[in-house]
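J.: sequence and predicted structure below; questions after.
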Amino acid sequence: MSKEKTTRITVNADVLRSEIRDKSVKVLDIRKEEDYKQGHILGAVNFPLSSLLADDSPDKVLQYTQSFGIDDETPVVVYDDTFGALASRVAWTLQYIGHDEVSLLDITYGSWKKLGLETTVESPSISKKTHSLKLQPQILATADYLMPAKEKGAILMDNRERLNFLENHIPGAINIPYRMLASPQNILRPKDELKRFMQNRNLSPDSEVITYCGSVGTLSGLGYYALKSIGIPNVRLYVHSFKEWKSLEKPIEKQNDANYWDLSAE
Amino acid sequence: MSKTGLSQSKPDNLPKPKIQWGRIEEAEKFAEMVKQFRQGKITRDDLRRFRLQHGAYGSRMTDDYSMIRVKIPAGEVYPEQLEKIAELSESFSIGNAHVSTRQNFQLHWVALEDVSEVMRGLAETGLTSREACGNSVRNVMCSPLAGVCPEEIFDPTPYALSTAKFLLRNAMNQSLPRKFKINYTCCEKHGMARIVDIGLIPQQMEVNGKLENGFKIFLGGGLGAQSFVGHQLEPFTQEADVLYTIIAVIRIYDRMGNRENMARNRMRYLVNELGWEKFQGIVLKERAMVKLVQSVVVKLDLDKTPEVLRKVSISSEMPSPPQGLSRWMKSNTMKQKQHGYSTAFVTLESGDITASQLRAVAEMAREFSAEGRIRNGFAQDMVFRWVKDEDLPRLYSALLEVGLANPGALTMASVVGCSGTTSCNLALTNSHRLAKEVQRKFLELKLDEDDDLRNSTIKISGCPNSCGQHEIATIGFYGGGGRLGKDMYPLYTLLLAGRADGQSVLGLTTTKVPAKRIIPAILKVIEVFKSDKRPGDTLDKWLHNIVAGNGNKIKSVNDIRELLKPIVAPPTMEQDSDFYVDYGNDGSYHARTGRGECAA
């Protein structure tokens, strides 16, 4: 835990640029391959989320990590163009296999471009490295883990949009829609704002919190890092999220007798 | 605000909100109260009173979520405020906002714990939700055409804004027997002066050889389970007396209004119980007293500084008129009294608008409106004013791109529906969705293009309370439940021939129409009208004649009821199970309500 506190949750553009110049960082681009090919941050390696989701077993993730030239000591910075949610899922996975030094770029690739920062179409040359495998089960939640943990006081945090949450959610969960986590500029709001949201909920920093979302742990990955960014030590990601929960036919709660979907102008 | 000449400045000289309505410390206090409530230090009732005073209602079947009503005095909204509402709706609500019939914005399904965050965000751009609910003076409305209406005598906007400023947080307005509504209108035609507690219409009169500004003031109107049309206080109320009159009326209501019976505590009941002459006498006496006892002269703080109009672009030519332009021009725009300018109405489905559409509206206000802002209208709509006539096609194209170019804004196709079972505790039916369905059908049948229907309205409430304003509609409905044997179905009551103009009358209850038969019933009424009308009759005029006893072959609403009988007869569950399901539901209908919060 003490080591974790020194890990940067987010990195801003200026810091990243200087670290890229120093070649002291490995950058992962989580967008689709065709987007990556049209331009990306200097030195970034493409790791589309779909590749990870095709097989996110620790062995496979370790293989990827090594093939990207990441060893145990390499600081990694991850970015996407999906408000940080895809990047969060990858960052969390790296941490889960035991790579602690991973951070999120605090803006999206879209913002990076809008700021006029340098991009390239060239792919970097990579030399394979060796990485150890040290699973970190204390950041993972499984379906079986949830309810017993909740009995003991853990908070379940659903990061899907409000209407989806009202429609169905894991019993007793609270809803912090992922949109609440970002500021207009950054993938995560300033810490004082995020802290205030938790204080408004009487949520103690000592609480264990388990985040989940719709299917693969992206939105809730962002939720995970939002909580880490304000120093909540005990956070877990229910990575298979509500999709698995439903398929297991576990109990579901719903806001009944209200036609809230009809308020949408979409 | 008189508009003098065009400034030659750049289009980026955007007006900023002039009045700071919100206060950050109220958001902080709200957060503290919610924490205390959750810790069991204050009761649910204590929190409820406080919450309503600050503009947050409980949601349907739960007070863990709130509907936050953002006050928009006089309906004026600046682009940065639209963008803030968009952001707040995405962060804390459902990614949509709603425009109400009283020019407010509403954000639904906000977690109680986040209400303070919304209030904080609102205050950052000058907005507030304070006294938008609860027993206080609600949003002070002003016609969206004020200042540009060809028929107005003068622009009442500064009066509306200063009235709102005087009353917000004013001690006299914190604990009235019930809510209190004030409307300013531009002229007899475009407002709703007669259906609110205090309604004001600009008027001029010669006083000592000088033409003076003043108002016709109407008192004691209102819609609800029992509705009344307001009475005119006196032939002419001069400007200097406007605020004294408002103070006097609020004081009388505060003192004499019914605080016991929730169903009869609006001021209109007091007026009705005392009788108009008696109430009128009390008001005039009280006004004299108020004038005497005020240590200083209290006046409306009118900001009449002439506004500098921005120069808006009229550069690029449209290559060809976009499809649907003429239909939209006809049904959504009006010429202003100022030569060369038009006002364009944006019709929304039951007032709903997405966050990205709000942002687009903000951008269009900057680009196309010489006053650089918009107004919310009276019919869950939005209004661009001061648009150069030659810019209308480009504005239309921009609206088209974001799905906001529906025609029919100023026609019968612009249907009003309250929030109904989408969020309201009192609702019995999904009036919100029904209004959307009716609007879609009208546009599909191009009924917005029918001049005979243009001046008519359809308004739908989900219960007998009148948030959907069904009593002033040409065709109005309010929701309830019906039963065939043991099976329940959503059922509306149809009212005909209501209106809110100079000849305000409330609609006549005609018959009951099941939810799933509303559209056929409306179309039937139109069909009967078409076959019975005399030359020159419009639907509203035809119904007005029938109600006044001057019908053609159709002599009364009873005749219409007879013709609707085959349509409204309920089938059995076996014949048509969909009949028993309300819009937006997949299971059978049950009338379910929670505790109303209006009077808490």
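T.: That came through fine.

J.: which residue is nearest the middle of chain B?
T.: residue B:101 (1.6 Å; Cα atoms, centre = their mean).

J.: how many residues are close by whichever residue of the stretch 401-550 of chain B sits closest to chain A?
T.: Going by Cβ to the nearest Cβ, chain A is nearest to residue B:433 of the stretch 401-550 of chain B, at 4.1 Å. Where you see a C-beta, it was placed from the backbone N, CA and C, and this is true even at glycine. When neighbours are counted by other Cβ atoms under 10 Å in any protein chain shown, residue B:433 registers 26.

J.: how close does it sit to residue B:556?
T.: Noted for residue B:433: a distance of 32 Å to residue B:556, by Cβ to Cβ, to the nearest Å.

J.: now do residue A:8
T.: From residue A:8 to residue B:556 the distance is 78 Å (Cβ to Cβ).

J.: next one: residue B:159
T.: Distance, residue B:159 to residue B:556, by Cβ to Cβ: 42 Å.

J.: repeat that for residue B:302.
T.: Distance, residue B:302 to residue B:556, using Cβ to Cβ: 48 Å.

J.: which residue is the nearest non-sequential neighbour of residue B:231?
T.: Nearest non-adjacent residue to residue B:231, counting by Cβ to Cβ, 6 or more residues apart in numbering or on different chains: residue B:276, 4.8 Å away.

J.: could you confirm whether stretch B:472-482 reaches chain A?
T.: No. In terms of Cβ under 8 Å from any Cβ of the partner chain, no part of stretch B:472-482 sits within range of chain A; the closest distance is 12.3 Å.

J.: quick one: mean pLDDT for that stretch?
T.: Mean pLDDT, computed over stretch B:472-482, is 96.

J.: for stretch A:46-66, measure first residue to last.
T.: The first and final residues of stretch A:46-66 sit 14 Å from each other (Cα to Cα, to the nearest Å).

J.: chain B contacts on the stretch 101-250 of chain A?
T.: Going by Cβ under 8 Å from any Cβ, the residues of the stretch 101-250 of chain A near chain B are A:161-163, A:166, A:175, A:177, A:179-180, A:184, A:196-197, A:199-202.

J.: what residues go with each domain of chain B?
T.: B:3-8+B:306-401, B:24-124, B:141-293, B:416-580 (automatic domain parsing).

J.: what's the most buried one of the ones you listed?
T.: Each of the domains of chain B was given a mean neighbour count from mean count of other Cβ atoms under 10 Å in any protein chain shown, and the largest, a mean of 22, is that of domain B:24-124.

J.: tell me if it is near chain A.
T.: Yes. Domain B:24-124 lies within reach of chain A by Cβ under 8 Å from any Cβ, at B:31, B:34-35, B:38-39, B:59-62, B:87, B:90-96, B:98, B:108-109, B:111, B:113-114, B:116-117.

J.: in strands, which of those residues appear?
T.: Among the residues of domain B:24-124 next to chain A, DSSP state E puts B:59, B:62, B:96, B:98, B:108, B:109, B:111 in strands.

J.: what's the closest of those to residue B:336?
T.: residue B:98 (27.5 Å; Cβ to Cβ).

J.: below-threshold pLDDT in the stretch 101-250 of chain A: ranges please.
T.: The stretch 101-250 of chain A contains no residues with pLDDT under 70.

J.: which SSE is residue B:481 in?
T.: strand B:475-484 (DSSP states H and E).

J.: please disregard the earlier target; I meant residue A:124.
T.: Here residue A:124 is assigned to no helix or strand, by DSSP H and E.

J.: name the nearest residue to it, sequence neighbours excluded.
T.: Counting by Cβ to Cβ, 6+ apart, the residue nearest residue A:124 is residue A:43, at 4.9 Å.

J.: isn't that neighbour up against residue A:27?
T.: Yes. Residue A:43 is within contact range of residue A:27, at 5.6 Å (criterion: Cβ atoms under 8 Å).
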